[in-house]
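J.: Kindly generate the corresponding structure for this input.
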Amino acid sequence: MKAAVLDEQGRIGRFVLFSITVPLILGIVFWMVILKLRSPAGKGFVDIDPHADIIWSMYEAALRGDIDSYINCFAKESQGAVRETLNSKGKDAFVEYLQGMAAGIMGISVRSPLPQTDDNLISVPVESVFRGKNKQQIFNLKRDGGAWKIVNVTSPRLTPQPIPYGSNLNE
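T.: Residues are numbered from 1 along each chain as shown. The predicted structure follows:
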(Lines give C-alpha, C1' and ligand atoms only; values in the text may rest on other atoms or scores of the structure.)
Protein backbone atom coordinates (compact mmCIF):
# COMPACT_ATOMS: atom_id res chain seq x y z
CA MET A 1 0.00 0.00 0.00
CA LYS A 2 2.77 2.41 0.93
CA ALA A 3 4.54 1.74 -2.38
CA ALA A 4 1.34 2.56 -4.31
CA VAL A 5 0.92 5.84 -2.41
CA LEU A 6 4.56 6.81 -2.97
CA ASP A 7 4.28 5.92 -6.66
CA GLU A 8 1.11 8.03 -6.95
CA GLN A 9 2.81 10.99 -5.22
CA GLY A 10 5.78 10.66 -7.59
CA ARG A 11 3.45 10.82 -10.59
CA ILE A 12 1.67 13.88 -9.22
CA GLY A 13 5.01 15.55 -8.47
CA ARG A 14 6.29 14.89 -12.00
CA PHE A 15 3.00 16.15 -13.48
CA VAL A 16 3.18 19.38 -11.44
CA LEU A 17 6.84 19.89 -12.37
CA PHE A 18 6.06 19.27 -16.04
CA SER A 19 2.99 21.57 -15.91
CA ILE A 20 5.13 24.42 -14.57
CA THR A 21 8.32 23.86 -16.59
CA VAL A 22 6.85 23.59 -20.10
CA PRO A 23 4.79 26.83 -19.98
CA LEU A 24 7.73 28.62 -18.37
CA ILE A 25 10.10 27.55 -21.16
CA LEU A 26 7.53 28.45 -23.83
CA GLY A 27 7.02 31.86 -22.20
CA ILE A 28 10.75 32.58 -22.16
CA VAL A 29 11.13 31.58 -25.82
CA PHE A 30 8.09 33.68 -26.79
CA TRP A 31 9.48 36.71 -24.89
CA MET A 32 12.89 36.34 -26.59
CA VAL A 33 11.21 36.25 -30.01
CA ILE A 34 9.20 39.39 -29.19
CA LEU A 35 12.36 41.24 -28.06
CA LYS A 36 14.20 40.20 -31.22
CA LEU A 37 11.36 41.39 -33.47
CA ARG A 38 11.23 44.77 -31.68
CA SER A 39 15.00 45.31 -31.88
CA PRO A 40 17.19 47.38 -34.19
CA ALA A 41 17.89 45.11 -37.14
CA GLY A 42 17.02 42.04 -35.07
CA LYS A 43 20.01 42.41 -32.75
CA GLY A 44 18.14 41.20 -29.68
CA PHE A 45 17.84 44.50 -27.82
CA VAL A 46 14.70 46.53 -27.21
CA ASP A 47 14.50 49.28 -29.82
CA ILE A 48 15.28 52.34 -27.70
CA ASP A 49 16.49 54.56 -30.57
CA PRO A 50 14.46 53.97 -33.77
CA HIS A 51 17.02 55.82 -35.89
CA ALA A 52 19.63 53.13 -35.14
CA ASP A 53 17.75 50.50 -37.15
CA ILE A 54 18.58 52.07 -40.53
CA ILE A 55 22.28 52.34 -39.64
CA TRP A 56 22.42 48.67 -38.62
CA SER A 57 20.49 47.74 -41.77
CA MET A 58 22.99 49.62 -43.96
CA TYR A 59 25.98 47.78 -42.44
CA GLU A 60 24.23 44.40 -42.66
CA ALA A 61 23.24 44.97 -46.30
CA ALA A 62 26.83 45.99 -47.10
CA LEU A 63 28.23 42.88 -45.42
CA ARG A 64 25.82 40.64 -47.37
CA GLY A 65 26.55 42.52 -50.60
CA ASP A 66 22.80 43.17 -51.00
CA ILE A 67 22.80 46.19 -53.33
CA ASP A 68 19.03 46.82 -53.32
CA SER A 69 18.77 46.70 -49.52
CA TYR A 70 21.82 48.95 -49.22
CA ILE A 71 20.38 51.55 -51.61
CA ASN A 72 17.01 51.38 -49.80
CA CYS A 73 18.72 52.59 -46.60
CA PHE A 74 19.25 56.00 -48.22
CA ALA A 75 16.75 58.82 -48.75
CA LYS A 76 15.41 59.23 -52.32
CA GLU A 77 17.56 62.32 -52.98
CA SER A 78 20.71 60.42 -51.90
CA GLN A 79 20.07 57.20 -53.81
CA GLY A 80 21.19 58.82 -57.06
CA ALA A 81 24.76 59.24 -55.77
CA VAL A 82 24.85 55.61 -54.62
CA ARG A 83 23.53 54.41 -58.00
CA GLU A 84 26.12 56.59 -59.75
CA THR A 85 28.88 54.83 -57.81
CA LEU A 86 27.29 51.47 -58.65
CA ASN A 87 27.21 52.34 -62.37
CA SER A 88 30.80 53.62 -62.42
CA LYS A 89 32.22 50.57 -60.59
CA GLY A 90 29.98 47.86 -62.02
CA LYS A 91 27.89 45.43 -60.00
CA ASP A 92 30.65 42.97 -58.98
CA ALA A 93 33.12 45.69 -57.98
CA PHE A 94 30.39 47.54 -56.07
CA VAL A 95 29.49 44.39 -54.10
CA GLU A 96 33.21 43.92 -53.34
CA TYR A 97 33.39 47.59 -52.25
CA LEU A 98 30.36 47.19 -49.94
CA GLN A 99 31.66 44.00 -48.36
CA GLY A 100 35.13 45.53 -47.95
CA MET A 101 33.60 48.54 -46.22
CA ALA A 102 31.87 46.33 -43.63
CA ALA A 103 34.52 43.61 -43.36
CA GLY A 104 36.66 43.60 -40.26
CA ILE A 105 34.18 45.53 -38.13
CA MET A 106 34.33 44.14 -34.61
CA GLY A 107 31.49 46.33 -33.33
CA ILE A 108 29.40 49.40 -34.03
CA SER A 109 28.39 52.06 -31.54
CA VAL A 110 25.35 54.09 -32.57
CA ARG A 111 25.07 57.03 -30.19
CA SER A 112 22.16 59.32 -29.35
CA PRO A 113 21.41 61.99 -31.95
CA LEU A 114 23.05 65.38 -31.62
CA PRO A 115 20.74 68.26 -30.60
CA GLN A 116 18.67 69.40 -33.60
CA THR A 117 16.15 72.13 -34.38
CA ASP A 118 14.25 70.06 -36.97
CA ASP A 119 12.41 66.90 -35.83
CA ASN A 120 12.68 65.36 -39.32
CA LEU A 121 16.49 65.74 -39.62
CA ILE A 122 18.98 64.33 -37.14
CA SER A 123 22.74 63.77 -36.97
CA VAL A 124 23.88 60.54 -35.35
CA PRO A 125 27.49 59.87 -34.30
CA VAL A 126 28.54 56.32 -35.21
CA GLU A 127 31.80 54.64 -34.27
CA SER A 128 32.93 51.47 -36.04
CA VAL A 129 35.46 49.42 -34.10
CA PHE A 130 38.11 47.52 -36.05
CA ARG A 131 41.03 45.47 -34.69
CA GLY A 132 43.58 48.33 -34.69
CA LYS A 133 41.54 51.48 -35.23
CA ASN A 134 38.19 53.12 -34.72
CA LYS A 135 36.31 54.96 -37.45
CA GLN A 136 34.06 57.82 -36.37
CA GLN A 137 31.42 59.28 -38.69
CA ILE A 138 28.27 61.36 -38.49
CA PHE A 139 25.20 59.88 -40.19
CA ASN A 140 22.68 62.54 -41.21
CA LEU A 141 19.21 61.01 -41.25
CA LYS A 142 15.86 62.25 -42.49
CA ARG A 143 12.43 60.97 -41.53
CA ASP A 144 10.82 59.60 -44.68
CA GLY A 145 7.23 58.68 -43.88
CA GLY A 146 7.49 56.63 -40.70
CA ALA A 147 11.09 55.50 -41.20
CA TRP A 148 14.50 57.12 -40.95
CA LYS A 149 16.67 57.17 -44.10
CA ILE A 150 20.32 58.15 -44.55
CA VAL A 151 20.83 61.50 -46.30
CA ASN A 152 24.64 61.50 -46.14
CA VAL A 153 27.60 60.26 -44.12
CA THR A 154 30.64 62.37 -43.24
CA SER A 155 34.16 61.30 -44.16
CA PRO A 156 35.58 58.91 -41.58
CA ARG A 157 37.90 60.13 -38.88
CA LEU A 158 40.29 57.30 -38.00
CA THR A 159 41.73 56.99 -34.52
CA PRO A 160 44.29 54.32 -33.60
CA GLN A 161 43.59 52.20 -30.56
CA PRO A 162 46.32 52.18 -27.92
CA ILE A 163 45.40 48.57 -27.20
CA PRO A 164 44.06 46.80 -30.32
CA TYR A 165 40.63 45.17 -30.04
CA GLY A 166 40.88 41.59 -28.82
CA SER A 167 44.37 41.95 -27.29
CA ASN A 168 45.14 39.88 -24.23
CA LEU A 169 45.56 42.41 -21.42
CA ASN A 170 47.40 39.91 -19.22
CA GLU A 171 50.43 39.69 -21.50
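
J.: So what's the gap between the longest strand along the chain and the chain middle?
T.: Determined from DSSP state E, the single longest strand within the chain is strand 133-144. Mean-position distance between strand 133-144 and its chain equals 14 Å (C-alpha atoms, centre = their mean, to the nearest Å).

J.: Quick one: name whatever helix or strand follows it.
T.: Moving toward the C-terminus from strand 133-144, the next helix or strand (DSSP states H and E) is strand 147-153.

J.: Parallel or antiparallel, list what pairs with the longest strand of the chain.
T.: For strand 133-144, the paired strands and their directions (DSSP bridges) read strand 121-129 (antiparallel), strand 147-153 (antiparallel), strand 157-160 (antiparallel).

J.: Going by neighbour count, which residues in the first one are buried?
T.: Okay, so that is strand 121-129. 122, 124, 126-128 (16 or more other C-beta atoms under 10 Å). For glycine as for every other residue, the C-beta is placed from the backbone atoms N, C-alpha and C.

J.: who's in contact with residue 128?
T.: Counting by C-beta atoms under 8 Å, 6 or more residues apart in numbering, residue 128 touches 105, 107-108, 134-137, 156.

J.: Turn those into a markdown table, columns for pLDDT.
T.: Converted to a markdown table, the contacts of residue 128 look like this (pLDDT from 0 to 100):
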| residue | pLDDT |
| --- | --- |
| 105 | 87 |
| 107 | 85 |
| 108 | 87 |
| 134 | 90 |
| 135 | 92 |
| 136 | 94 |
| 137 | 94 |
| 156 | 90 |
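
J.: Of the residues you listed, which is the nearest to residue 78?
T.: residue 137 (14.7 Å; C-beta to C-beta).

J.: For that closest one, name its beta-bridge partners.
T.: Beta bridges link residue 137 to residue 126, judged by DSSP bridges.

J.: Quick check: the gap between it and residue 93.
T.: 22 Å (C-beta to C-beta, to the nearest Å).

J.: Okay, now the unreliable bits of this structure?
T.: Low-confidence segments of the chain (pLDDT under 70): 1-10, 33-49, 171.

J.: Much appreciated, bye for now.
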